[in-house]
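J.: generate a structure from the sequence data that follows.
(chains A and B)
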Amino acid sequence: MILRALDTRSAIFLGVLFILAVAVPFLNQAMTPGSAAHLPSFAVSLLGKYLCYALLAVALDLVWGYCGILSLGHGAFFALGGYAMGMHLMREIGDRGVYANPLLPDFMVFLNWKELPWFWHGFDMFWFAMIMVFLAPGALAFLFGWFAFRSRVTGVYLSIITQALTYALMLAFFRNEMGFGGNNGLTDFKDVLGFDLQSDATRCGLFVATVAALAFGFVLCRIITTSKAGKVLVAVRDAESRTRFLGYRVEGFKLFVFVVSAMLAGLAGALYTPQVGIINPSEFSPANSIEIVIWVALGGRGSLVGAAIGAVLVSLAKTLLTGWFPELWLFALGGLFVLATLFLPRGVLGAVEGIKLRRSRPAREPAPQPAE
Amino acid sequence: MSELRTTEALLYLDGLEKSFDGFKAINGLSFSMKAGELRAVIGPNGAGKTTMMDMITGKTRPDKGDALWDGRIDLTTQDEADTARLGIGRKFQKPTVFETHTVEDNLLMALKDERSVLATLFSRTSDAQRERIGELLALVRLEDRRGDLAANLSHGQKQWLEIGMLLAQDPQLLLVDEPAAGMTDEETMRTAELLKGIAGKHAVVVVEHDMAFVKALGCRVTVLHQGTVIAEGSIDHVSANERVIEVYLGR
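T.: Predicted coordinates for the structure are as follows:
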């Protein structure tokens, strides 16, 4: 099963990830700061953030690229995973907060709360928080998918509901009464599992953990998409009613990938929070979720490697461009999307493939287009 | 649902009614089929042929009437996947195959097998399945296209692939909607031969406009008009029926 999932391209991708996992900590830790070969710590965290996005893109590609479910609310699952991790990190602060309350996080003391809300219990334990990283987004995806897929909500209607879902969550998390820190979110983290979050070694450790998570998510999605269930997913994407008339319960397959995808998005969010140092309700904003879709579209929908590359490329461009011309970024992003749709319908990776195909086979055959 | 068979028929429809926004698409339709029977259903546009198939396969629920499968199972409570698992296969009017899959994978997914998420996640193609796919490919004359994407097949080949997928399900009843649409004369005759070969082992309902094709099938014909059966019998018998001539053949 695993062998079938690992074709040459996947092997190269995993190889690159392995090299990153070794080289980035090495260049950061073993090289003397200031030398040309030294990788500054902020860059380690930045790369870690990109790889969190890559995992998020892989998760979205599983549902959109393979099963045709265009989720415009995947940022919600990412943010929920991020909040679950953030809650643990808040509890870890303990009495080192500004108000030195051993039990209550600072924002609760500030709001004059006397006791810990019930849903904050248990988050002092790392293992519990890790379960919630998967369970919270997974349960939401299950509940949402159960109703949406059974009622056969598809296409643009489904996309709009997912958008509404993340928007509603954003509004809810903005409220102080919700107990998640309101618009400031959760921040001021001190350490994780006893390691200081400010130290370079911890940053390297988090980076390696992110690489491992991306590799895990990638291999899991490869196993799913190369199995017969993966063929059924593509069948649902291309001809849903035909799949039903063959006797497959389409809603079951959709629910399965939607939940798996949400959990992977949650994992990405959980790794994002400690590396960025903050999680706040803006992560739920619809614009964030749309950006994920753009990564996948640019990288190559229906190709997991392409999705990951798209996320890294666009995020890199965003970092550079917002540094140089902050006001131009949204125009650049929109422009990229338009250009990709017009000229690279199968994304960057699809275009590279197309060139290779043309070279090896002069008599051009029409390339198969994924159906809408 | 009683265990006692109430009818010998494989498929038994009685007094079905269905309205869409006040329009009676099906109006007191009764129809029955024996196992292994080949039957042609003809009728002008809007006669209710497709709605009838939708009701048999659980896509549309009738407002009134009974639909019994195998004398025991109430088809009005089943959905598409249920009816497919009961053994009803359906071919659409427009050939619908999985274009981004190979011909082989199209058939593999249709093969009778466990259909759950878990089962498909861990399933491996057995030699017996590969062999069965080979047989089906031979039957629908697509042996040399096994590894090609279904998108690259011609229209007629897609029709055949879809019939092959139906057979792969090994259904007791095949519902075939206008299989000859868009086919050349030669392909049409070959398709008629193919369907005649299938009948006997499977019951087959063919909905068709092409009278030459229906003649070539040489089977019992049911004529639908305004959601109800107006004649049934051999092709010569129904061709001589005055109402049939009036509403359909004469035009």
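
J.: so how far is the strand or helix carrying A:Asn288 from its chain's centroid?
T.: Assessed by DSSP states H and E, A:Asn288 sits inside helix A:286-299. Computed by Cα atoms, centre = their mean, to the nearest Å, the chain-centroid distance of helix A:286-299 equals 11 Å.

J.: separation between the closest residue to chain A within chain B and A:Arg244?
T.: Per Cβ to the nearest Cβ, B:Ala84 is where chain B lies closest to chain A, at 3.4 Å. Placement of C-beta: from N, CA and C, glycine included. B:Ala84 sits 7 Å away from A:Arg244, taking Cβ to Cβ, to the nearest Å as the criterion.

J.: now A:Val338
T.: From A:Val338 to A:Arg244 the distance is 35 Å (Cβ to Cβ).

J.: for these two, indicate the residue with more neighbours.
T.: Counted by other Cβ atoms under 10 Å in any protein chain shown, A:Val338 and A:Arg244 do not tie: A:Arg244 has more neighbours, with 25 against 10.

J.: so who does the more buried one touch?
T.: A:250, B:79-81, B:84 (Cβ atoms under 8 Å, 6 or more residues apart in numbering or on different chains).

J.: before we move on, the earlier item: how would you label the residue lying closest to the residue of chain B closest to chain A once chain neighbours are set aside: helix, strand or coil?
T.: Leaving aside its chain neighbours, B:Ala84 sits nearest to A:Gly247 (3.4 Å; criterion: Cβ to Cβ, 6 or more residues apart in numbering or on different chains). Put simply, A:Gly247 is coil when judged by DSSP: H, G, I helix; E, B strand; the rest coil.

J.: what's the burial count for A:Gly247?
T.: Neighbour tally, A:Gly247, other Cβ under 10 Å: 23.

J.: so B:Ala212 is in which element?
T.: Here B:Ala212, judged by DSSP H and E, is contained in helix B:211-217.

J.: ah, wrong one, I meant B:Asp66
T.: Taking DSSP H and E as the definition, one finds B:Asp66 inside strand B:64-69.

J.: pLDDT (mean, whole number) over that strand?
T.: Strand B:64-69 shows a mean pLDDT of 91 in the predicted model.

J.: how about that strand: buried residues?
T.: For strand B:64-69, a neighbour-count test (16 or more other Cβ atoms under 10 Å in any protein chain shown) marks B:65-69 as buried.

J.: over to stretch B:136-150?
T.: Along stretch B:136-150, these residues count as buried under the neighbour rule (16+ other Cβ under 10 Å): B:136-137, B:139-140, B:142, B:145, B:149-150.

J.: list the buried ones in the helix holding A:Asn288?
T.: A:286, A:288-299.

J.: nearest residue to whichever residue of the stretch 251-372 of chain A sits closest to chain B other than its sequence neighbours?
T.: Of all residues in the stretch 251-372 of chain A, A:Phe256 sits closest to chain B, at 4.7 Å by Cβ to the nearest Cβ. Excluding its sequence neighbours, the residue lying closest to A:Phe256 (Cβ to Cβ, 6+ apart) is B:Val117, at 4.7 Å.

J.: now swap in A:Ser303 and tell me
T.: The shortest distance from A:Ser303 to any non-neighbouring residue, by Cβ to Cβ, 6+ apart, is to A:Leu349 (5.1 Å).

J.: ok, back up a step: make a markdown table from the contacts of A:Arg244 and add distance to A:Ala23 and pLDDT to it.
T.: Formatted as a markdown table, the contacts of A:Arg244 follow (distance: Cβ to Cβ, whole Å; pLDDT from 0 to 100):
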| residue | distance to A:Ala23 | pLDDT |
| --- | --- | --- |
| A:Val250 | 44 | 95 |
| B:Asp79 | 54 | 91 |
| B:Glu80 | 52 | 91 |
| B:Ala81 | 50 | 92 |
| B:Ala84 | 52 | 93 |
